[in-house]
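Peer 1: Quick one, fold the following:
(3 chains)
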Amino acid sequence: MVRLFDNINEQVLRTYIFWAMVLVGKMLLMSVLTIMQRFRKKAFVNEEDIVTDKKLKLKFDDPDVERVRRAHRNDLENIFTFLAIGFCYMLTNPDPWLAGTIFRLVAAGRIVHTVVYALVIVPQPTRLLAWLVPYAACLYMTAQTLLYVM
Amino acid sequence: MVRLFDNINEQVLRTYIFWAMVLVGKMLLMSVLTIMQRFRKKAFVNEEDIVTDKKLKLKFDDPDVERVRRAHRNDLENIFTFLAIGFCYMLTNPDPWLAGTIFRLVAAGRIVHTVVYALVIVPQPTRLLAWLVPYAACLYMTAQTLLYVM
Amino acid sequence: MVRLFDNINEQVLRTYIFWAMVLVGKMLLMSVLTIMQRFRKKAFVNEEDIVTDKKLKLKFDDPDVERVRRAHRNDLENIFTFLAIGFCYMLTNPDPWLAGTIFRLVAAGRIVHTVVYALVIVPQPTRLLAWLVPYAACLYMTAQTLLYVM
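Peer 2: So this is what the prediction gives:
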């Protein structure tokens, strides 16, 4: 039986790590974006966060804050999923060019998704497509990985 | 000192990857389920998603949509946790049969959880048990792994 | 080219696994804390959870339950991110002492964050700092990892 970790191609692993760090770094920035919107719209959700300004009230439903939080949650749902799938996919000895291309496609899609969801709102189906391309790529890698280890 | 990656049993790793991909694939489907419920109940939460139909209004609290989103969030909380724990657990040289059985139990529990939470609602304590079995398995693996590396 | 997995220092890996399991175990406890608050405040969000007590109504906005859920979501956003970043960082041959220290700092920060968010509410900027230290550490590791694989 092939030892699965020996299937890892070093160049593909570097591509994976590079885009994983870009995407995870992008996710980290979502927290700062949320904090910025909370200050801009004075929309805080914890009593201890507003105690210095007696005039402020808690505000749970600011649309700009919630939009950033939805984009962030969409990242939780899709980027961590990609990290798990992409890592397992590398253990199945995929074509290096194909694997690298898929990783870049997923990363590009997720970056565009954040931009059009949380920064510059554009008409649909832009956000849908930016979500769909990484999504389809993840389904493909999941299927290939299942077939390999079955 | 034993090199931890040398502790990985190839057959256990294949079992882990198989069920990891099943569970992550299942999570991907939650997004489609959410979108289907949003269309069925006309419950969209972004202005740009309803612009083609002037009669639609934003709707943030549809019970069917929120139920799927809660099931999805429960997956985020429990499946990613399992992926991290299960991977580290494999590095502690566990009994292969035990490890494989635990991975299958966790996967079965999480699949049942989704079915009874988001698809066919059944009386409690079904959902509680479907959540508890993987949860207890993860606590066990966490404790074993902590003991091994301490 | 150096094989990246050969860069892993066994002692750093053990430190990583130890604190990863502590943090993930801590996250598992958030679910129990949420359930405890739901029972204490009788704030359930699913019809099937309250069917045995006809007097109960669904309650979606209990402040104590929502506070625990926000702390839990903050963990999803920051702990899984750390797990991914910390793992990749280990592949970049970091100084073992530095890497171990960073992992301990992140873990300490996240534990304090949970305590002051969900258990004992204290004035700001305690929670901000408890969030900021792991956050800055993750940004540092992300930057170092990107530079290494570029």
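Peer 1: can stretch A:80-87 be found next to chain C?
Peer 2: Yes - figure legend: stretch A:80-87 in contact with chain C (C-beta under 8 Å from any C-beta of the partner chain); contacting residues A:80, A:83. For the C-beta atoms, the positions are set from N, CA and C on the backbone; glycine is no exception.
Peer 1: Point out the residues in chain A that sit beside chain C.
Peer 2: Within chain A, the positions lying close to chain C (C-beta under 8 Å from any C-beta) are A:5, A:8, A:10-11, A:13-14, A:17-18, A:20-22, A:24-25, A:27-28, A:30-31, A:45-49, A:51, A:60, A:72, A:76, A:80, A:83.
Peer 1: pLDDT of stretch A:41-61, averaged?
Peer 2: Across stretch A:41-61, pLDDT averages out at 85.
Peer 1: Can you dump the C-alpha atoms of it in PDB for me?
Peer 2: The C-alpha trace of stretch A:41-61 is given here as PDB (Å, rounded to 0.1, in the frame of the first residue of the first chain):
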ATOM      1  CA  LYS A  41     -22.100  52.600  13.200                       C
ATOM      2  CA  LYS A  42     -21.800  52.600  17.000                       C
ATOM      3  CA  ALA A  43     -23.300  49.100  16.900                       C
ATOM      4  CA  PHE A  44     -21.900  47.200  19.900                       C
ATOM      5  CA  VAL A  45     -23.500  44.100  21.400                       C
ATOM      6  CA  ASN A  46     -21.900  43.800  24.800                       C
ATOM      7  CA  GLU A  47     -22.700  46.000  27.900                       C
ATOM      8  CA  GLU A  48     -19.000  46.200  28.800                       C
ATOM      9  CA  ASP A  49     -18.100  47.600  25.400                       C
ATOM     10  CA  ILE A  50     -20.200  50.800  25.700                       C
ATOM     11  CA  VAL A  51     -19.900  51.600  29.400                       C
ATOM     12  CA  THR A  52     -17.600  54.600  28.700                       C
ATOM     13  CA  ASP A  53     -20.300  56.400  26.700                       C
ATOM     14  CA  LYS A  54     -23.600  56.500  28.600                       C
ATOM     15  CA  LYS A  55     -25.600  57.700  25.500                       C
ATOM     16  CA  LEU A  56     -24.900  54.500  23.600                       C
ATOM     17  CA  LYS A  57     -27.300  51.600  23.500                       C
ATOM     18  CA  LEU A  58     -26.700  48.000  22.400                       C
ATOM     19  CA  LYS A  59     -27.500  47.500  18.700                       C
ATOM     20  CA  PHE A  60     -27.800  44.000  17.300                       C
ATOM     21  CA  ASP A  61     -29.100  44.500  13.800                       C
END
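Peer 1: Now do the buried residues in that stretch.
Peer 2: A:43-46, A:48-50 (16 or more other C-beta atoms under 10 Å in any protein chain shown).
Peer 1: Now render the residues you listed as CSV, adding secondary structure.
Peer 2: Below are the buried residues of stretch A:41-61 laid out as CSV (DSSP: H, G, I helix; E, B strand; the rest coil):
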residue, secondary structure
A:Ala43, coil
A:Phe44, coil
A:Val45, coil
A:Asn46, coil
A:Glu48, helix
A:Asp49, helix
A:Ile50, coil
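Peer 1: Tell me which two of those residues sit farthest apart.
Peer 2: Spatially, the most separated pair among these is A:Ala43 and A:Glu48, at 15.3 Å (C-beta to C-beta).
Peer 1: give me the element the residue lying farthest from the centre of chain A is part of.
Peer 2: In chain A, the residue that sits farthest from the middle, by C-alpha atoms, centre = their mean, is A:Lys54; the gap is 37.2 Å. A:Lys54 is part of no helix or strand when elements are defined by DSSP states H and E.
Peer 1: With A:Gly109 instead?
Peer 2: Applying DSSP H and E as the criterion places A:Gly109 in helix A:96-114.
Peer 1: Which strands or helices does the helix or strand that that helix is followed by pack on?
Peer 2: With elements assigned by DSSP H and E, the helix or strand that comes after helix A:96-114 is helix A:126-149. Here helix A:126-149 touches helix A:63-90, helix A:96-114, helix B:10-40, going by 3 or more C-beta pairs under 8 Å, 6 or more residues apart in numbering or on different chains; DSSP states H and E.
Peer 1: Show me which residues of helix A:126-149 are buried.
Peer 2: Under 16+ other C-beta under 10 Å, the buried positions of helix A:126-149 are A:126-127, A:130-131, A:133-135, A:137-138, A:141-142, A:144-146, A:148-149.
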